[in-house]
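Q: prediction below, plus the sequence it came from.
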Amino acid sequence: MLLDAAQARCVLDIALEHRFALLAVNADSPAALIDVLEGARQVSAPVMIEASLWQLTGHSFGAGDAILGLGRYLVQLAHLANSERFREVPVFFHTDHIKGSLTLPLLRACPPGERGLKGLDGNAVFGNGWRVNLERRPQIEPL
């Protein structure tokens, strides 16, 4: 299941309390999305799926247009993550290494779930799930 911001916060709090890490994987194609979700499903673990600018603008998603790529990426990820096969896998979406002049336009294009993009299954796509504010997190020792 693709997590919204409140759900993501809950999983992060559980990870902190029980001192376990969340795997973050860059997925650069629809096939990679399936592979990551299948791996997480097999070990019953949450997973953070990341997309970087080159992945969003690549031929698999945006074909040169990062905002189009973000929309296509989120719809495909939401459709897979919310499918019966992967519904039990908590999935975070995270943009990775996006900086410079495209940062703000991409953040603005990321749809809020309550009025945003709908996946192929008709469910809301929570693109803002990765925008979790970690500034108030307590300082902890690295594991």
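A: In hand now; what should we look at?
Q: what bridges to A51?
A: T95 (DSSP bridges).
Q: what count of nearby residues applies to it?
A: Neighbour count of A51, defined by other Cβ atoms under 10 Å: 27. All C-beta atoms are positioned from the backbone trio N, CA, C, and that covers glycine.
Q: doesn't D96 make contact with it?
A: Yes. Applying Cβ atoms under 8 Å as the test, A51 and D96 come out as touching, 6.6 Å apart.
Q: which residues do these two both contact?
A: Listed as contacting both A51 and D96 by Cβ atoms under 8 Å, 6 or more residues apart in numbering are N26.
Q: pick out the residue closest to the middle of the chain.
A: F93 (0.8 Å; Cα atoms, centre = their mean).
Q: CA atoms of the helix or strand hosting that one as CSV?
A: Using DSSP states H and E, F93 maps to strand 91-96. Once non-C-alpha atoms are left out, strand 91-96 reads as follows in CSV (Å, rounded to 0.1, in the frame of the first residue of the first chain):
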residue,chain,number,x,y,z
VAL,A,91,5.5,1.6,0.6
PHE,A,92,7.1,5.0,0.9
PHE,A,93,7.8,7.2,-2.2
HIS,A,94,10.8,9.4,-2.0
THR,A,95,12.5,11.7,-4.6
ASP,A,96,16.2,11.3,-4.5
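Q: elements contacting it?
A: strand 23-26, strand 47-52, helix 66-81 (3 or more Cβ pairs under 8 Å, 6 or more residues apart in numbering; DSSP states H and E).
Q: picking up where we left off before, shouldn't the residue nearest to the centre of the chain be in contact with L74?
A: Yes. F93 is within contact range of L74, at 6.7 Å (criterion: Cβ under 8 Å).
Q: on that earlier part again, who wins for proximity to I34 among the helices and strands packed on strand 91-96?
A: Closest to I34 of the helices and strands packed on strand 91-96, according to Cβ to Cβ: helix 66-81, at 6.4 Å.
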